[in-house]
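Chemist: no FASTA, just this:
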């Protein structure tokens, strides 16, 4: 039996261009948990609540920062560093709305580069009333409906898109094993300076770093399938320079080596929302 139970749900139809999925995670035990999270290049909203009606996450630590007093509802940026989420010693539920990489721009009209590695409180992204409503109900189904309605309203109010950058993100997804920035410049007939500027504004990080994060996420997904006998097969399939390069990048975005993920860490989990372990 796993310590944390995950359920992944599709977004409402009208939000499918901007929302990757919704993920509910529940823990029924009373021990404190330290969940290591690998960055996935995706921003989102997190609602987390313990059975004592207090915040479930006590603090979040990454290589560059440690944040305490985590609000029950928050909007977070893309994140490019692995982090550890310290949960209190109470049963809890989290509801995570996982955005597409461009969604801070399309849903909130935000320059995504201003929120990299950061988060906003409910009153900073117009969600104070949403927080009250989420706390007032005990039903996760109702909470998911409320989150969807809130984001549909934001989408209608914002009405901003950068079609070229969204097409570039699709190109990266389809060609993750080989894509380089020069391929994107050639495919979309844009100068590197303009592309870098627009990509950072919409996605929140340089395209080189985004490609690196997504390639590691794909490697973690492939490792989780159990279909590859050797790490070198995954390194070859994703065009890492060699196995040392593969190991170095996995460690950079997960804290640990591929071998340790396979043999030593507890309860490695990977789905559409990203990868984590205990």
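Modeler: That came in fine, so what should we check first? If you're wondering where the values come from, they're calculated on a predicted model, not measured in any experiment.
Chemist: Please make it C-alpha for all contacts and neighbour counts, starting now.
Modeler: OK.
Chemist: centroid residue for this structure?
Modeler: Residue closest to the mean C-alpha point of the chain, counted by CA atoms, centre = their mean, is residue 42 at 3.8 Å.
Chemist: And it, how close does it get to residue 187?
Modeler: Counting by CA to CA, to the nearest Å, the gap from residue 42 to residue 187 is 24 Å.
Chemist: go on, residue 222?
Modeler: Residue 222 sits 27 Å away from residue 187, going by CA to CA.
Chemist: and what of residue 247?
Modeler: Separation of residue 247 from residue 187 (CA to CA) stands at 30 Å.
Chemist: Neighbour count: these two, which is higher?
Modeler: When residue 247 and residue 187 are compared for neighbours, residue 247 comes out ahead with 19 against 11, by other CA atoms under 10 Å.
Chemist: Which strands or helices does the lowest-mean-pLDDT helix or strand in the chain pack on?
Modeler: One helix or strand of the chain scores below all others by mean pLDDT, DSSP states H and E: helix 258-263, with a mean of 82. Helices and strands touching helix 258-263, by 3 or more CA pairs under 8 Å, 6 or more residues apart in numbering; DSSP states H and E, are helix 243-254.
Chemist: Quick check: buried residues in the helix it packs on?
Modeler: By 16 or more other CA atoms under 10 Å, the buried positions in helix 243-254 come out as 243, 246, 247, 249, 250, 251, 252, 253, 254.
Chemist: what about it, distance to the chain center?
Modeler: Relative to its chain's centre, helix 243-254 lies at 19 Å (CA atoms, centre = their mean, to the nearest Å).
Chemist: can you tell me the average pLDDT over it?
Modeler: The average pLDDT for helix 243-254 rounds to 91.
Chemist: Next, the contact list for residue 112, please.
Modeler: 77, 104, 105, 200, 201, 202, 203, 204 (CA atoms under 8 Å, 6 or more residues apart in numbering).
Chemist: Burial check on the nearest residue in space to it that is not next to it in sequence, number of neighbours?
Modeler: Excluding the flanking residues, the one nearest residue 112 by CA to CA, 6 or more residues apart in numbering is residue 204, at 4.3 Å. Per other CA under 10 Å, the neighbour tally for residue 204 reads 30.
Chemist: that older thread, got a list of what the residue nearest to the centre of the chain touches?
Modeler: 77, 78, 79, 98, 99, 100, 101.
Chemist: Got a quick ChimeraX command for the buried subset of the residues you listed?
Modeler: Of the contacts of residue 42, the buried ones can be selected in ChimeraX as follows, counting by 16+ other CA under 10 Å:
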select :77,78,79,98,99,100,101
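Chemist: Mind picking the lowest-pLDDT entry from the contacts of residue 42?
Modeler: Of all those, residue 79 carries the smallest pLDDT score, 81.
Chemist: and the nearest residue to that one once chain neighbours are set aside, what is it in contact with?
Modeler: In space, residue 79 comes closest to residue 117 once its chain neighbours are excluded; the distance is 4.5 Å by CA to CA, 6+ apart. Residues near residue 117 by CA under 8 Å, 6+ apart: 76, 77, 78, 79, 80, 81.
Chemist: picking that back up, and the residue nearest to residue 112, how far from residue 224?
Modeler: Counting by CA to CA, the gap between residue 204 and residue 224 amounts to 27 Å.
Chemist: now residue 115
Modeler: 30 Å.
Chemist: In this structure, what residue spans correspond to strands?
Modeler: Applying DSSP state E to the chain gives strands spanning 5-9, 19-27, 33-38, 44-50, 57-62, 66-68, 73-76, 83-87, 92-99, 119-120, 269-271, 274-277.
Chemist: Contacts only, for residue 88.
Modeler: 31, 32, 33, 56, 57, 58.
Chemist: Report the buried members of those.
Modeler: By 16+ other CA under 10 Å, those give 33, 56, 57, 58 as buried.
Chemist: Quickly note the distance from residue 67 to residue 230.
Modeler: Distance of residue 67 to residue 230, computed by CA to CA: 38 Å.
Chemist: where does this structure have low pLDDT?
Modeler: Within the chain, the stretches with pLDDT under 70 are 1, 264-266.
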